[in-house]
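Student: Just to be clear, the model below is a prediction. Sequence and coordinates:
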Amino acid sequence: MDYRQLICIKNVRTNRYLSVDPQFRLLANQSHPYLKHKENANQNEIFQIVNPTSPDFSGPLIFQSTVMLYSPSLQMFLCCAQNGEIKFQTLAPTEALTSKASKLNIYSAQNTKKQLNTMDDVVFKFNDTNFMICELNYLVSWSGPNISQDSTWKVQKANCPPLPDWYYQRPNISLSYLQQQEPVQLFLTKKEERKPIGSHSSQIQSIYIIEDILYAMMGIEGNYIKKRNSSFEYAMEPHLEETTCDVSLHQLISRLIPMCSQRDQIEYLLQIKNKFENGYVAQALCSCIRELMHKFTLMVNQLDQEFIQGDLTLQKLWYYLQPSIRIIDAIHNLVTQTKNLTGGALLSKLVDILNNSTDAQVIQTLQVILEKSFVPYMKQLNQWIYYGKLDDPFEEFIIQEKKIQKSQLENDYRDNYWDSRYTLRPNQQPKFLEKYSEIILRTGKYLNVLQNPNPPFNNHMIENLDYIVKNQDFSHIMDAFVWSNEQIIQLLFEKENLIGRIRSFKSFFLFFEGDFFIHFMEAAEQELVKESKDIPKEKLESLFDLSLRNVCQNDPYKEDLTCYMEQYTTAEQIYAYLNLKGGEVIDHRPPRSSKIKGAEGFTIDAKVPWPSNLILSRASIVCYQILFRSLFNLHYIERQLHDAWLGQKQNRLSGRAQVFYKQNMLVQNFLHFIKSYLYYLSYDVIEKNYTNFEAKLKNANNFEDVRNMHTKFIDDCLNESMITDTSFIKTLNKLLTCALAFAAQIQRQQKQFLSLQYSQQKDRLSRQKGLKEEINMASSQPQFEEITNKFKKEYDTYFKEILSYDYQFQIISPGFNDKVRL
């Protein structure tokens, strides 16, 4: 047994297996998890033993070690309480490593220090005090005072059926007697001792040799042909320094004896390899070789019958065994080279051996073995490329699955689901399937998305197995791929209306539904000036839904939209996005802002159903949100500047408009920059890229191309808009902050000036005269000119910095500075 291996634990007294109940308590269940529900992803009867000092260590597990018991399905550690109760709890990695409550010692019931093997009796001890026991109500507690049957457990592998106890307790039944681990001294009595074979005539020697050879071919030692010590090697009179056999006879039998040794080695290696954990392919290989060895046994019986009748000579025996010697040698070579291989790796090695063979009978034999061994692998391949189902309990198939639930797509900010749920397993990739490996992977993934497909192939690969293996013709995989790709494209574009959903994203996230946002900004203007944490969520959602229903009645996906207040600034979100993508942003991390205005924190989200969320994934939605927040902030600041400009028009009534000339020009400069940048984003970046994207999307005939096209569209929009360049966005945010502050300053100024219009003076001339006096008084203040000059200086500084990006971005965005340059 090794650390991190999937195991189940059985109590010796009750023969019940440990399980975790809904309250995370440990109790004894009724059956082995493999037999109960091998296909269930949430198996609470499966555990891992973890090394506390090195959690990722996967080496051998030794008795008297301090360990932790971990549940992979719950992602919890076993912890003990002071009252003797033990439960599984969620612990942080550092907390789990340092907490004494999660550590227990594993001992052998015989108090020995050795490597833990399957079916060893073990006990678990907490904090060197009490033992873990199974109580009468089948609950497991930490209250065992000593070692008993209640506190004794057996650790078994969870991914294969359990073997009966006699398999381990009676080794001779499992053919382990073929190789003794320690030399056995045989003491013969005087009656059992035989004369050296050389004391007989050549004819008698020949008879004795034939009899012993026939015994040795069945794995039984004869009178003169015996094994050397504890090895598989047979020899003539091995107890003597030199055999007394006739030289000519000895030369002949020396060619036959190696076959007997190889036969015993084959039986021994088959016994090792035919275990459940070695997988279906290894079991099929062993089954086929056993059939061949059975035929070999029948041949030995026929030879024995001929020997009894007196018709078998040593020369005849040599003649009859010529084909068997080559075949046994080939089988021995095969099982020796594939001893530690399983699944696809085993098949690859088998094909290599077959291709390097030249003997016709050996090739025919290996061809039969390959066909039989390939059957379980072909069934897995058939299920995968025709139905998208993966049944691989022994991890021997070319595809491996990572347990990722569809519900986790909502939090998959790295867009890992599609690329990580099913991946290639390189060490189990047959060489004859290498050129089809990517096709096999994609075919099964497409069918897995379709769910319960009805392929038109009717198990073509199973029915034509002989032809496929003999000619190594797997071209039919391409037919399955083409069909599955057509089905998923049809599902996305016809049933799911992917293009219509992307257009909806464009309308809302990329501001091409302008009337909606004008309506929303007017309705939520009083809320957007507040800090985001002070804005009632219910009121914001109500205003958002009202604007949707009034303006976007015809959009079929408007019900999927929601709005909320983000707790991070746009710059912080961009920083997080670049970190997820591996961008170089360490030196440009924005400071954490504790106060975020509603206009800056407001964002929208969309619920995308399966399987459209494979294209419009959470990572893609984050990119849309970055673009949306940038556009929304620009439109909001533009609206504030426009309101400030409207207020300044009232100053004409005073006859002192020249006093506000600098302010008017600065407002126009800000407005011109923002409108130019918005025009550039909307038409030179988003509309241009979207037009190209949709044109390509309508002609797409491959699912991977659709994903790549959409990803490229989003990346191009972010890169060409320069939003993801941290140094540029830092300068842009400074300029926009300056513009917003200047607009707020003018609006406060105008409120002060225009307050005279609502005074008690009803005469129009009197109000105009009072306004003129108020303006003259305000403009005569020294800070009036200073504030305007301050904003003008900041604008000039930031604008020059933005223009300095002309050379840096002329390849990415050649039209940008032409739009913003005054």
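Tutor: Arrived safely, thanks for sending.
Student: drop to CA atoms for contacts and neighbour counts, all remaining ones
Tutor: OK.
Student: what about the strands in the stretch 351-500 of the chain?
Tutor: Using DSSP state E, counting those that start in this stretch, the strands of the stretch 351-500 of the chain run over 399-401, 422-424.
Student: So for Ala695, which of those strands sits nearest?
Tutor: Counting by CA to CA, Ala695 lies closest to strand 422-424 out of the strands of the stretch 351-500 of the chain; the figure is 30.5 Å.
Student: other SSEs contacting that closest one?
Tutor: strand 399-401, helix 437-450 (3 or more CA pairs under 8 Å, 6 or more residues apart in numbering; DSSP states H and E).
Student: hey, which of the ones you listed is tucked in deepest?
Tutor: Most buried of those by mean neighbour count (mean count of other CA atoms under 10 Å) is helix 437-450; its value is a mean of 21.
Student: what's the average pLDDT for it?
Tutor: The average pLDDT for helix 437-450 rounds to 92.
Student: Packing partners of that helix?
Tutor: Counting contacts by 3+ CA pairs under 8 Å, 6+ apart, helix 437-450 is packed against helix 360-387, strand 422-424, helix 476-490.
Student: and that helix with helix 476-490, angle?
Tutor: 40 degrees (axes from the mean of the first three to the mean of the last three CA atoms, to 10 degrees).
Student: ok, Glu237 - contacts?
Tutor: Contact analysis of Glu237 by CA atoms under 8 Å, 6 or more residues apart in numbering lists 224-226, 243.
Student: sorry, back to before: can I get the helices and strands packed on helix 437-450 in JSON lines with mean pLDDT?
Tutor: As requested, the helices and strands packed on helix 437-450 are exported to JSON lines (pLDDT from 0 to 100):
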{"stretch": "helix 360-387", "mean pLDDT": "91"}
{"stretch": "strand 422-424", "mean pLDDT": "92"}
{"stretch": "helix 476-490", "mean pLDDT": "91"}
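Student: and the gap between Thr20 and Ser71?
Tutor: Slight slip there: residue 20 is Val, not Thr. Val20 is 9 Å from Ser71, where distance means CA to CA, to the nearest Å.
Student: what sits in contact with each of the two?
Tutor: Asn44.
Student: Turn the strands of the stretch 351-500 of the chain into TSV, including distance to Lys800.
Tutor: TSV is the format used below for these (distance: least, CA to CA, whole Å):
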stretch	distance to Lys800
strand 399-401	54
strand 422-424	50
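Student: what's the closest of those strands to Gln663?
Tutor: Closest among those, using CA to CA: strand 422-424, at 61.2 Å.
Student: Neighbouring strands - and their directions - for the closest one?
Tutor: Using DSSP bridges, the strands paired with strand 422-424 are strand 399-401 (antiparallel).
Student: where in the stretch 701-822 of the chain is pLDDT low?
Tutor: For the stretch 701-822 of the chain, applying pLDDT under 70 flags the ranges 750-784, 806-822.
Student: what do you get if the cut-off is 50, keeping everything else the same?
Tutor: Along the stretch 701-822 of the chain, the parts satisfying pLDDT under 50 run over 756-761, 807-814, 821-822.
Student: With the chain instead?
Tutor: Within the chain, the stretches with pLDDT under 50 are 39-41, 176, 179-193, 585-587, 756-761, 807-814, 821-822.
Student: right, and the helices and strands packed on helix 437-450 - which one's nearest Lys87?
Tutor: Closest of the helices and strands packed on helix 437-450 to Lys87 is strand 422-424, at 32.9 Å (criterion: CA to CA).
Student: Please identify the buried residues of that closest one?
Tutor: 422-424 (16 or more other CA atoms under 10 Å).
Student: Ok, stretch 676-693 next?
Tutor: Using 16+ other CA under 10 Å as the test for burial, stretch 676-693 gives 676-682, 684-687, 689-690, 693.
Student: Of the residues you listed, which is the nearest to Leu381?
Tutor: Nearest to Leu381 out of the buried residues of stretch 676-693 is Phe693 (CA to CA; 35.5 Å).
Student: Can you name the element that comes right after the helix or strand encompassing that closest one?
Tutor: For Phe693, the enclosing helix or strand under DSSP states H and E is helix 688-698. Later in the chain than helix 688-698, the nearest helix or strand by DSSP H and E is helix 703-720.
Student: Now do that following helix: which elements does it pack against?
Tutor: helix 476-490, helix 618-648, helix 688-698.
Student: Need those helices in a markdown table (columns: distance to Ala739).
Tutor: Converted to a markdown table, the helices and strands packed on helix 703-720 look like this (distance: least, CA to CA, whole Å):
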| stretch | distance to Ala739 |
| --- | --- |
| helix 476-490 | 47 |
| helix 618-648 | 7 |
| helix 688-698 | 28 |
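Student: Tell me which of those sits most buried.
Tutor: helix 618-648 (a mean of 20).
Student: Pull the distance from that one to the chain's centre.
Tutor: 38 Å (CA atoms, centre = their mean, to the nearest Å).
Student: Tell me the helices and strands packed up against whichever helix or strand comes after that helix.
Tutor: Going down the chain from helix 618-648, the next helix or strand is helix 661-679, by DSSP H and E. Applying 3+ CA pairs under 8 Å, 6+ apart, one finds that helix 661-679 makes contact with helix 618-648, helix 782-803, helix 816-820.
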